[in-house]
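[1] sharing a model prediction with you, sequence too.
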Amino acid sequence: QVPLVESGGGWVQAGGSLRLSCAASGRTFADYAMAWFRRPPGKEREFVAAVGGNGRSTVTENDLKGRFTISRDNVKNMLYLQMNNLKPEDTAVYYCAKAANTDGFAYSQAFRYATWGQGTQVTVSS
């Protein structure tokens, strides 16, 4: 069973919206913070947003605030990323990640996350 599986990526014109989903396996999903990262073409991986285990605490990269919203459903074991007013510079492979420990804190650093999905491509055309 694959621990994390992303979906919802695709092609969209600038100004459009996409909602990414990440399905998590396991019975203790709510114990772990979850996050979204992305890797633009030719660039390093970068933080997008994170959410605490209980879903009440979130942190979003400053430049993405107001356009990107992270959320989770601990009943369905799902993580989401709502992306609005997309820009060409949002083009990237988007990855969901599960924290390495169970403190539930929404970290922004990649080393805090131990399990990663395979990624889903988002392409925004101008």
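    In hand now; what should we look at? Numbers count the residues shown, from 1 in each chain.

[2] now the nearest residue to Ser108 once chain neighbours are set aside: which helix or strand?
    Leaving aside its chain neighbours, Ser108 sits nearest to Phe47 (4.7 Å; criterion: Cβ to Cβ, 6 or more residues apart in numbering). No exception for glycine: its C-beta is placed from N, CA and C like everyone else's. Using DSSP states H and E, the element containing Phe47 is strand 46-51.

[3] list the contacts for Asn54?
    30, 74, 104 (Cβ atoms under 8 Å, 6 or more residues apart in numbering).

[4] spell out the secondary structure type for it.
    coil (DSSP: H, G, I helix; E, B strand; the rest coil).

[5] same question, Tyr95
    Secondary structure of Tyr95, per three-state DSSP, is strand.

[6] that one against Tyr113, yeah?
    No: using Cβ atoms under 8 Å, Tyr95 makes no contact with Tyr113, being 9.2 Å away.

[7] which residue is nearest the centroid of this protein?
    Trp36 (2.3 Å; Cα atoms, centre = their mean).

[8] tell me the confidence at the spatially closest residue to Gly104 that is not a sequence neighbour?
    Setting aside the residues directly before and after it, Gly104 is nearest to Gly53 in space (Cβ to Cβ, 6+ apart), at 3.2 Å. pLDDT for Gly53: 94.

[9] contacts for whichever strand or helix holds Leu20?
    In this assignment (DSSP H and E), Leu20 forms part of strand 18-24. The contact list for strand 18-24 (Cβ under 8 Å, 6+ apart) reads 3-10, 12, 34, 36, 77-83, 86, 94, 96, 98, 117, 120, 122.
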